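Asks: Based on what follows, work out the 3D shape:
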Amino acid sequence: MSPTESEIVDPRPLHERIAADLREQINAGDYPTGAAIPSTGRLKARFEASSATVQKALGLLKKEGLVVGRAGSSVQVREQRRQVMAPGRYSAPAVAGEPYRWIAEAEARGQSGRSQLLEVAEVVPPADVRGALGLGNNERAVLRKQILFLNDEPCELVKSYYPVELAQGTALMQKRRIQGGSPTLLAEAGFPPVQTLDRVSACIATQEQYEALHLPSDLPVLRTLRVVISRGGRVVEVTEMAKASHLYELQYGY
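Replies: The predicted model follows:
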């Protein structure tokens with residue numbers, strides 16, 4: 001027999017539940033930058049918790065960089081690091097001579113953006129990537145794996161896959177950054193992106209994502225599977241992107 005709605009109870013430890021509720025209020029703006037989090041006494045009464053449990057919850061938020069303060073003093077909301085990203089702006093080729101649009105957008109916001117290329121190799125992609133590229137079970141694609149940084153902090157782990165026959169003989173096969181990014185290279189090669197399809201999900205971080213993004217705790221990541229389509233409906237790129245969910249939101253239809 002399935003439990004009724006009134007019988008469903010959050011099984012997480014109380015300090016994690018307290019942190020989750022406060023995190024949501026901070027991200028929603030109920031506690032803006034510089035605002036004091038309610039005192040330990042008030043949080044104890046609100047959540048029917050001990051002082052130690054409340055302090056443990058606040059410790060999680062401090063580790064995530066959302067609040068600052070010490071036990072016995074007021075705990076305040078840090079300057080918000082959570083940012084809204086608009087993925088649709090980055091898929092077009094860069095203006096001639098300019099960097100990848102993601103980096104240009106960061107600079108326009110007064111931030112520094114850069115990428116670190118980790119790997120270029122021919123691999124058998126995950127099943128969902130193979131399906132989007134139209135590959136069989138053991139067929140390979142060209143992988144370009146990199147980390148994107150904002151203000152020298154890891155922002156996004158990116159794995160881009162390309163059909164081998166398309167990538168051969170191009171800079172996609174070389175372990176070096178591409179001026180203007182892959183959209184520019186694909187356009188110059190006669191495969192301009194004409195449509196992108198994004199599938200976004202929240203997932204528990206893999207070990208690779210946890211380490212690459214320097215996640216502070218067991219928080220989910222935002223996983224975007226992007227399919228880039230060129231003329232004639234040809235899929236020319238499939239990219240998996242992972243971002244820390246407590247630091248970034250995605251906005252479409254800007």
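Asks: In the stretch 151-254 of the chain, mark out all the strands, start to finish.
Replies: If you assign secondary structure with DSSP state E, counting those that start in this stretch, the strands in the stretch 151-254 of the chain sit at 153-163, 195-204, 220-229, 235-244, 248-250.
Asks: Make TSV from those and add mean neighbour count to it.
Replies: For every residue, glycine as well, the C-beta is placed using N, CA and C. Formatted as TSV, the strands of the stretch 151-254 of the chain follow (neighbours: other C-beta atoms under 10 Å):
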stretch	mean neighbour count
strand 153-163	22
strand 195-204	12
strand 220-229	20
strand 235-244	23
strand 248-250	15
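Asks: TSV please, covering the ones you listed and showing distance to Arg176 and mean pLDDT.
Replies: As requested, the strands of the stretch 151-254 of the chain are exported to TSV (distance: least, C-beta to C-beta, whole Å; pLDDT from 0 to 100):
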stretch	distance to Arg176	mean pLDDT
strand 153-163	14	95
strand 195-204	24	93
strand 220-229	21	95
strand 235-244	18	95
strand 248-250	27	87
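Asks: now the ones you listed in JSON lines, with distance to Leu60?
Replies: As requested, the strands of the stretch 151-254 of the chain are exported to JSON lines (distance: least, C-beta to C-beta, whole Å):
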{"stretch": "strand 153-163", "distance to Leu60": "19"}
{"stretch": "strand 195-204", "distance to Leu60": "16"}
{"stretch": "strand 220-229", "distance to Leu60": "14"}
{"stretch": "strand 235-244", "distance to Leu60": "14"}
{"stretch": "strand 248-250", "distance to Leu60": "19"}
